[in-house]
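1. Sharing a sequence plus its predicted fold:
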Amino acid sequence: MPKVADTSEHERDLGKLGDAIRARRQALKMSQEALADAAGINRTHMGEVERGKRNISFMSIVKIATAMDAKASDIIAEAGL
């Protein structure tokens, strides 16, 4: 049976996802507020996502990726997940 990841592993993965989102946003020279607006996400929530403090839904990942003209799978791959 596969090992279930513990909380610290999940937190690291959220951090990796947030880092990937931030890196792509910065490469696009977008502000956090502009990305949040384009994705239809509250700016405070977006900041928590980028800091790895918020476990977001897959649909939120899709919205964020779409706002950056990318696929959710691109963001997930860039995070190494």
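-> The structure has been received and is ready for your questions.
2. V62 and A27: what is the separation?
-> Distance, V62 to A27, by C-beta to C-beta, to the nearest Å: 19 Å. (Glycine included, C-beta is placed from N, CA and C.)
3. again, but for L35
-> From L35 to A27 the distance is 12 Å (C-beta to C-beta).
4. Compare neighbour counts for these two and give me the winner.
-> L35 (24 against 9; other C-beta atoms under 10 Å).
5. May I ask you to confirm that the more buried one is in contact with A65?
-> No. Using C-beta atoms under 8 Å, L35 makes no contact with A65, being 10.6 Å away.
6. From the contact counts, what lies against the strand or helix carrying E9?
-> Assessed by DSSP states H and E, E9 sits inside helix 7-27. Helix 7-27 sits against helix 43-50, helix 72-78, with contacts defined as 3 or more C-beta pairs under 8 Å, 6 or more residues apart in numbering; DSSP states H and E.
7. Pretty sure S60 sits against I41.
-> Yes. S60 is within contact range of I41, at 6.5 Å (criterion: C-beta under 8 Å).
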